[in-house]
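>>> for reference, the sequence and a predicted model appear below.
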Amino acid sequence: MNLVLLGPPGAGKGTQAEILRDRLSLEHLSTGDILRSEMKKETELGKKAKEYVESGKLVPDKIIVGMIAERLANISPDKKGFLLDGFPRTVAQAEELDKILDDMGKKLDAVLYLRVSWEVVKERLTGRLICRGCGAIYHKKNKPPKKDMVCDICGEELYQRSDDNEIVIKNRFDVYNEQTAPLIEYYKERSLLKEINSEVSAEDTYTQIISVLGL
Ligand code: AP5
């Protein structure tokens with residue numbers, strides 16, 4: 001099964017991806033995670049991306065498309081498909097994805113659109129904590145770790161993303177509305193869009209996803 005997770009920052013794309021990846025044995029490709037890892041390693045790509053990511057702007061399409069094409073071509077045959085999280089994010093990226101998949105003889109099965117309001121986004125992202133070791137996602141109130149700032153799973157330290165401050169969160173939300181929201185119509189026209197109410201708990205969001213996928 002080949003899926004796209006679409007939705008504003010803080011919609012719960014990463015949270016649902018963690019569950020779906022394991023349940024459906026999918027390759028999880030998060031453009032945000034890949035960019036942050038390249039930034040941490042200070043690679044050429046990471047250096048180019050840093051200014052965009054830290055201000056909440058989109059990294060240019062050309063950089064992103066090349067990065068994702070390479071990873072799609074290298075998915076392990078053991079996986080039962082892929083899960084794109086944070087890609088595509090512009091109509092141009094979606095058109096490029098269509099071409100890449102055509103060339104590979106693959107297609108998308110569904111685009112899961114996680115719908116949330118600005119108020120929910122702000123509350124979720126200002127409280128988000130992430131593990132430096134395994135990348136597990138927590139929230140100060142909604143999903144606190146058992147021990148303060150320590151990952152329940154691997155014991156590494158938790159941190160707040162540098163783009164999770166109120167000014168950058170607002171920029172990211174505005175950029176989403178201007179450049180990414182048109183994808184809702186793009187995928188509706190192709191009969192791939194499945195709308196999910198993501199303002200409920202992570203468990204209830206997951207239940208809706210399983211239901212729309214007919215699993
Ligand atoms: P990226 O890392 O993709 O960030 P994002 O899209 O802004 O999404 P987030 O990771 O912030 O949110 P999420 O929806 O995954 O929410 P999460 O599950 O963590 O991108 C970062 C940057 O990289 C971009 O700004 C851009 O610069 C660049 N970039 C990336 N892709 C790009 C592309 N394709 N093109 C160009 N540039 C690109 O949940 C958030 C919090 O809420 C957590 O604390 C979680 O515990 C909590 N939570 C989740 N679900 C629930 C729930 N149902 N109930 C209660 N709490 C919940």
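That came through fine.
>>> show me the strands in this protein, by range?
With DSSP state E as the criterion, the chain has strands at 3-6, 27-30, 82-85, 110-115, 128-131, 137-139, 158-159, 193-197.
>>> residue numbers of this protein in contact with the ligand?
Proximity of the chain to the ligand, by CB under 6 Å from any ligand atom, involves residues 7, 9-15, 31-32, 35, 52-53, 56-59, 64, 86-87, 89, 93, 124-125, 127-128, 137-139, 142-143, 172, 198, 201-202, 205. Every residue, glycine included, has its C-beta placed from N, CA and C.
>>> in PyMOL, select just the buried ones from those residues.
Buried residues within the residues of the chain next to the ligand, by 16 or more other CB atoms under 10 Å, are selected in PyMOL with:
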select buried, resi 7+9+10+11+12+13+14+15+31+32+35+52+53+56+58+59+64+86+87+89+93+124+125+127+128+137+138+139+143+172+198+202+205
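>>> ok, which of the strands of the chain comes nearest residue 45?
Among the strands of the chain, strand 27-30 comes nearest to residue 45, with 14.9 Å by CB to CB.
>>> just list what the closest one packs against, helices and strands only.
Here strand 27-30 touches helix 13-24, helix 61-73, strand 82-85, going by 3 or more CB pairs under 8 Å, 6 or more residues apart in numbering; DSSP states H and E.
>>> how far does that strand sit from its chain's centre?
Chain-centre distance of strand 27-30: 8 Å, with CA atoms, centre = their mean, to the nearest Å.
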